[in-house]
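**Student:** A structural model of the following input is requested.
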Amino acid sequence: MKRFWIHTVVWVVIFISVLCVVHAQQRGTAPAAAASSAKPDNAVPRMADGHPDLSGVWWGGGDVGSRGFGRGAPSATSYTNLYKPEAAERAKKLKDKDDPALKCIPTAFGTMGVSLYSVGAVGQIVATPKLVVMLQETYHGFQLIPTDGRPHRTDVPPAYRGDSVGHWEGDVFVVDTTNYTDNTWMFAEGRVSFHSDALHIVERYHRTGKNSLEIEATIEDPKVLTGPWVVPKQTLVLAPFDQIMSLACVGSESDALMQGAQK
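**Tutor:** Numbers count the residues shown, from 1 in each chain. You can find the predicted model right below:
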């Protein structure tokens with residue numbers, strides 16, 4: 001009789017355990033023992049050197065015109081409010097038709113307040129322990145950011161997107177960019193936002209979760225601004241695809257844009 005009750009208890013325990021496993025599988029969850037050894041769903045992916053992996057296609061929740069589209073920082077208003085008097089006077093003489101983006105020239109910063117976008121609303125990061133590559137969909141834009149402690153290059157001419165170097169401060173990736181040309185605007189879409197060749201941008205990238213990336217930036221240009229512009233913090237999310245598109249710009253396209261701007 002005693003053995004009968006022992007066997008009965010054992011079979012009841014086994015039956016309940018099976019039910020728990022089946023129920024967990026139906027809900028898409030794992031038994032507690034398996035869950036304890038799994039990584040949290042929101043864990044930040046990391047590279048071989050232990051730093052957060054910034055790789056991915058990032059946007060504000062949707063592309064331009066989509067339901068999930070997020071515009072980011074409030075246009076160029078805060079930046080242009082810092083113009084020195086002579087710069088403000090120059091800005092009054094410029095209009096939509098003067099936007100360098102109409103000539104297939106990228107922005108120095110980013111139309112939505114995110115330099116990763118440049119002209120657009122989607123960008124991609126390819127990160128390695130020694131080099132971080134930032135790709136823009138528009139105009140084949142890119143930035144190569146070494147992280148090995150080297151200084152800015154002094155043997156290259158100024159560039160539309162400047163010259164960048166990066167370093168880590170804990171889990172935050174800091175990008176320092178100088179050596180810009182002075183023939184681009186900070187933003188596109190006809191928003192007058194010129195700068196000088198003294199432009200200096202420092203950005204801080206912090207991957208706060210599996211699907212989220214926070215970006216902060218401070219912009220200085222002592223030739224045209226009265227002080228630094230602190231860009232409102234941007235929060236990007238991973239896009240549901242792993243490659244950006246190629247949005248090229250050639251003369252025939254820019255001619256039509258120029259004619260439209262003239263009107």
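
**Student:** how close does residue 59 get to residue 121?
**Tutor:** Counting by C-beta to C-beta, to the nearest Å, the gap from residue 59 to residue 121 is 6 Å. (C-beta placed from N, C-alpha, C; glycine too.)

**Student:** correct me, but residue 217 touches residue 231?
**Tutor:** Yes. Residue 217 is in contact with residue 231 according to C-beta atoms under 8 Å; the separation is 4.1 Å.

**Student:** who touches stretch 167-183?
**Tutor:** 44, 51-52, 54, 100, 105, 108, 132, 143, 145, 147, 149, 152-153, 156, 158-166, 194-197, 199-207 (C-beta atoms under 8 Å, 6 or more residues apart in numbering).

**Student:** Give the buried residues for it.
**Tutor:** Within stretch 167-183, the residues scored as buried using 16 or more other C-beta atoms under 10 Å are 173, 174, 175, 176, 177, 178, 179, 180, 181.

**Student:** Going by distance to residue 238, which of these wins?
**Tutor:** residue 173 (16.5 Å; C-beta to C-beta).

**Student:** out of everything not next to it in sequence, what's closest to the residue nearest to the spatial centre of the chain?
**Tutor:** Most central in the chain under C-alpha atoms, centre = their mean is residue 116, positioned 4.6 Å from the mean C-alpha point. In space, and not counting its chain neighbours, residue 116 is closest to residue 123: 3.5 Å by C-beta to C-beta, 6 or more residues apart in numbering.

**Student:** Which elements pack onto whichever strand or helix holds that neighbour?
**Tutor:** In this assignment (DSSP states H and E), residue 123 forms part of strand 122-127. If you count contacts as 3 or more C-beta pairs under 8 Å, 6 or more residues apart in numbering; DSSP states H and E, strand 122-127 packs onto strand 56-59, strand 131-136.

**Student:** that older thread, next, the contact list for the residue nearest to the centre of the chain, please.
**Tutor:** So, once contact is read as C-beta under 8 Å, 6+ apart, residue 116 ends up touching 58, 110, 123, 125, 134, 136, 215, 236.
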